[in-house]
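Enquirer: got a predicted structure here, sequence first:
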Amino acid sequence: MLSMKNISKVFKTDLVETHALRDFNLEVEEGEFVAVTGPSGSGKTTFLNIAGLLEGFTSGEFCLDGVNVSNLSDNHSAKVRNEKIGFIFQGFNLIPDLNLAENVEVPLRYRGFNRAERNRRVESALEQVGLAARMKHLPSQLSGGQQQRVAIARALAGEPRFLLADEPTGNLDSLMARQVMELLENINQTGTTIIMVTHDAELARRAQRNIQIVDGQVCDFSMYQKAEQSVVTDLQQAAGIQQAASSNG
Amino acid sequence: MFLYYCDLAWRSIKKTPMLSMLMVLAISIGIGITITTLNVYKTMSYNPAGDRSDSINSIQLWSQGLDTWDDFQSNITYTDTINLRNNNELALKAASFRTGLAMQSDNQDIEPVLKSIRITDRDFFSIFEVPFLYGERWSKTVDSQPAYQVVIGEKLNQTFFDGQNSVGKTIYLNRKPYQVVGVIKEWNPQPKYYDPLNGAFNDAEEVFIPFSLTEQEEFDVWGNTSGWKFEPMLTYQDRLNSEKTWIQFWALLPTAADKQQLQTWLAQYVEQQRSFGRFTDTAKTPQESFQISDVALWLENNDVVPRDNKILVGLSVLFLSVCLVNILGLLLTKFLKRAPEVGVRRAIGASRGQIFSQYMVEVGLIGFIGGIVGLLWAWGALTVLHAEFNVDPSVTGLDTSMWIITPLIAISTAVLAGVYPAWVVCRTKPSVYLKAQ
């Protein structure tokens, strides 16, 4: 579904070269929910920007939905973003002058849908996030959690194959963060692939797979998680056997 | 998408009212000044002959002596006028000059009025397509056998004859009875191209009488009389016999062949007159001793549009350019402030072209509003010109075409100013702003 092979991204200035990503390899299957963690400056955002076709990369190969998107033109990238990718940002990034319905409608406008189709999708998306009753409100009239739900609705309205979320709960309190996370899990259950960058270890654990980016490279902790899980299971089983033996004895 | 962009543009303008107002003000002042000067220029440089401009021709002759005048004179002498009138090769021709006479009718209740009068030939009405309300021009024979006949204008007909058909009735010019043979409809070409020498934007005359009466009635000349040598002018006959120029001569030359034929005739005429001791400037060949000017050339030669006016238009365009640069700066500020929003739009699927279009529609809308306000400025400036400086209303009236031209110029100016800011904003990298918001 998403395949990055030997991706590297170098930011050059007159004085220094900064390697934001180096030999970055990642495969994400359709329907996965992947959490991406890592320390600040490790390259998480650069990875997300490249995955979202918002930035190019220096070398490597990137296939999205089976299509090599390494050398797409700017217009073609915009089209792919519009049709296949949904974005959720930490700062919500809603357009303050537009009401909720108009915000959700923006990507549909660029897709060229007629009014009836736009209306149908806007209503459906806002219903999905529980804000259908407030579609005429402005973003400033909503709480942070509600604004993030609108941003999710905007991402969903285009019925994308991928959702890219950059610290979607970073600006929310824990209650709202949990609500947003539940929403993302529900969306994932409908088959949408989600890649979420987060600093929150608890949220990351709720994803199906965790990868960590360190110094611009991927460290996939899934195997460790599985090993850890198997050790725990073994220990639990051993403890159970021991308990049974002592009770018998 | 255009209506969507219009909606976004209107919201954006409302969101930053002060900045938007500044831009509208800058563009409207530039447009107001440009349109004011352009309007005056356009009105003055209008060619009322339209597509007949090439066919209607005025004749000038180099009848002056050596080392006298540097240019052709717009008028010709009486002698040359008579000779040209006798040229039967010309199908339609007319001599013309202006005089003034006191006018009254049999109705004693109406005070006599001093009227500006056009002395001309019958073909004048055909050449300049003067429309008739009643009757018609005088007959061909009157051009050679003087008769006291007159053609009057619609307004005068209203004053003297209550607007009734006055053909056959009598009016008095300097107490001499003239029979009305025709009443023309309202006719006032601007500029007054058939005689721009005494006020190109004066109203057309409302009384026309036969040129053939000139010798016997000895009409005063209400116009320029120019001479290049000393000649005694003790009697009217002295004027008629002199080398003084004071009469315009027009001919209709619809085809190139007609023009060629007249050129040949004029060259022969100059040679003939030289044998009589006239046209003494032998530095000029006969072919160089005449000029046939169509209406466009005639208006140009007579400086209907003064050079100052052209300079003023240039200066006002320069001023508009200064406004344009100011608007460019304001737009750049306004648009870059919205770069984060552009980042979001780009991220969720807008192409650079769509962002560029969105912002160009916005500058177009600002330009349109600026154009409307500029039009009001121009209208106000023209009204002040008319009221305070007594400029002729025919020059200070806002031309109908300006209602279309002004918004177009304003939109074009704004779009020109907006291209760079819109280009800059549509090139912004979305990733830079998404995290920063």
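Expert: Yep, it's here.
Enquirer: phi, psi of B:I247?
Expert: As for B:I247, its main-chain torsions (degrees, to the nearest 10) stand at phi -120, psi 140.
Enquirer: give me the distance between it and A:E27.
Expert: From B:I247 over to A:E27 the distance is 99 Å, taken as CB to CB, to the nearest Å. Using the backbone N, CA and C atoms, a C-beta is placed for each residue, glycine as well.
Enquirer: of those two, who's got more company?
Expert: B:I247 (23 against 13; other CB atoms under 10 Å in any protein chain shown).
Enquirer: that one and B:F125: what is the separation?
Expert: For B:I247 relative to B:F125 (CB to CB), the value is 18 Å.
Enquirer: so what's residue 51 up against?
Expert: As the question left the chain open, I've gone with chain A. Taking CB atoms under 8 Å, 6 or more residues apart in numbering or on different chains, we find A:A51 in contact with A:2, A:4, A:62, A:162, A:164, A:195.
Enquirer: next one: the first one relative to A:G43, how far apart?
Expert: From A:L2 across to A:G43, the span is 16 Å (CB to CB).
Enquirer: next one: B:F368
Expert: 48 Å.
Enquirer: okay, the two: which has more neighbours?
Expert: Set B:F368 next to A:G43 and count neighbours by other CB under 10 Å: A:G43 wins out with 24 against 19.
Enquirer: pLDDT at the more buried one, what is it?
Expert: pLDDT for A:G43: 87.
Enquirer: quick check: closest non-adjacent residue to it.
Expert: A:G216 (4.1 Å; CB to CB, 6 or more residues apart in numbering or on different chains).
Enquirer: how close does that neighbour sit to chain B?
Expert: 16 Å (CB to the nearest CB, to the nearest Å).
Enquirer: got any ranges where chain A has weak pLDDT?
Expert: A:220-228, A:248-249 (pLDDT under 70).
Enquirer: OK, now which residue of it is nearest to chain B?
Expert: A:N82 (2.5 Å; CB to the nearest CB).
Enquirer: give me the number of residues near that residue?
Expert: For A:N82, using other CB under 10 Å, the count is 23.
Enquirer: which helix or which strand is home to it?
Expert: helix A:74-84 (DSSP states H and E).
Enquirer: got the buried residues for that helix?
Expert: Using 16 or more other CB atoms under 10 Å in any protein chain shown as the test for burial, helix A:74-84 gives A:77-84.
Enquirer: other SSEs contacting it?
Expert: helix A:100-111, helix B:352-389 (3 or more CB pairs under 8 Å, 6 or more residues apart in numbering or on different chains; DSSP states H and E).
Enquirer: let me know the pLDDT of the residue in chain B that chain A sits nearest to.
Expert: Chain A sits closest to B:G349 of chain B, with a gap of 2.5 Å, by CB to the nearest CB. Per-residue pLDDT puts B:G349 at 88.
Enquirer: ok, the residue nearest to it when sequence neighbours are not counted - contacts?
Expert: Here the nearest residue to B:G349 in space, its sequence neighbours aside, is A:N82; by CB to CB, 6+ apart that works out to 2.5 Å. Contacts for A:N82 (CB under 8 Å, 6+ apart) come out as A:107, A:110-111, A:158, B:348-350.
Enquirer: export those residues as TSV, with columns for neighbour count.
Expert: Output for those, formatted as TSV (neighbours: other CB atoms under 10 Å in any protein chain shown):
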residue	neighbour count
A:P107	27
A:Y110	24
A:R111	17
A:G158	24
B:I348	28
B:G349	24
B:A350	24
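Enquirer: among the residues you listed, which two are most distant?
Expert: A:G158 and B:A350 (12.6 Å; CB to CB).
Enquirer: alongside chain A, which residues does chain B contribute?
Expert: B:1, B:4, B:11-12, B:15, B:340-341, B:343-354, B:429-431, B:434-435, B:437 (CB under 8 Å from any CB of the partner chain).
Enquirer: all strands for the chain, in order.
Expert: As the question left the chain open, I've gone with chain A. Using DSSP state E, the strands of chain A run over A:2-12, A:17-28, A:33-37, A:59-64, A:67-68, A:85-88, A:162-166, A:193-197, A:209-214, A:217-220.
Enquirer: the chain in question should be chain B.
Expert: Using DSSP E, strands in chain B cover B:56-61, B:92-105, B:113-120, B:132-135, B:149-153, B:170-173, B:176-184, B:207-210, B:248-252, B:290-294.
Enquirer: just send these back as CSV, with mean pLDDT and mean neighbour count too.
Expert: Listed next are the strands of chain B as CSV, based on pLDDT from 0 to 100; neighbours: other CB atoms under 10 Å in any protein chain shown:
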stretch, mean pLDDT, mean neighbour count
strand B:56-61, 96, 23
strand B:92-105, 96, 21
strand B:113-120, 95, 19
strand B:132-135, 96, 18
strand B:149-153, 97, 25
strand B:170-173, 96, 19
strand B:176-184, 97, 20
strand B:207-210, 97, 25
strand B:248-252, 96, 23
strand B:290-294, 95, 19
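Enquirer: buried residues in the longest helix anywhere in chain A, which are they?
Expert: In chain A, with assignment by DSSP state H, the single longest helix is helix A:222-248. By 16+ other CB under 10 Å, helix A:222-248 has no buried positions at all.
Enquirer: returning to that earlier point: tilt between the helix holding A:N82 and strand A:59-64?
Expert: 40 degrees (axes from the mean of the first three to the mean of the last three CA atoms, to 10 degrees).
Enquirer: now helix A:74-84 against helix A:100-111, angle please.
Expert: Using the same axes, to 10 degrees: helix A:74-84 against helix A:100-111 is 130 degrees.
Enquirer: got the CA positions of helix A:74-84 in CSV?
Expert: C-alpha atoms of helix A:74-84 as CSV (Å, rounded to 0.1, in the frame of the first residue of the first chain):
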residue,chain,number,x,y,z
ASP,A,74,3.3,19.4,-8.6
ASN,A,75,-0.2,19.3,-10.1
HIS,A,76,-0.3,15.6,-10.2
SER,A,77,0.8,15.5,-6.5
ALA,A,78,-2.0,17.8,-5.6
LYS,A,79,-4.4,15.5,-7.4
VAL,A,80,-3.2,12.4,-5.6
ARG,A,81,-3.3,14.3,-2.3
ASN,A,82,-6.8,15.3,-3.0
GLU,A,83,-8.1,11.9,-4.0
LYS,A,84,-6.1,9.5,-1.9
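Enquirer: pull the distance from it to the chain's centre.
Expert: In terms of CA atoms, centre = their mean, to the nearest Å, the centre of helix A:74-84 is found 17 Å from the chain centre.
Enquirer: and chain A, which residues reach chain B?
Expert: Counting by CB under 8 Å from any CB, the residues of chain A near chain B are A:45, A:49, A:52, A:54-55, A:74-75, A:78-79, A:81-83, A:87, A:89-91, A:93-95, A:97, A:106-107, A:109-111, A:154-155, A:158, A:166.
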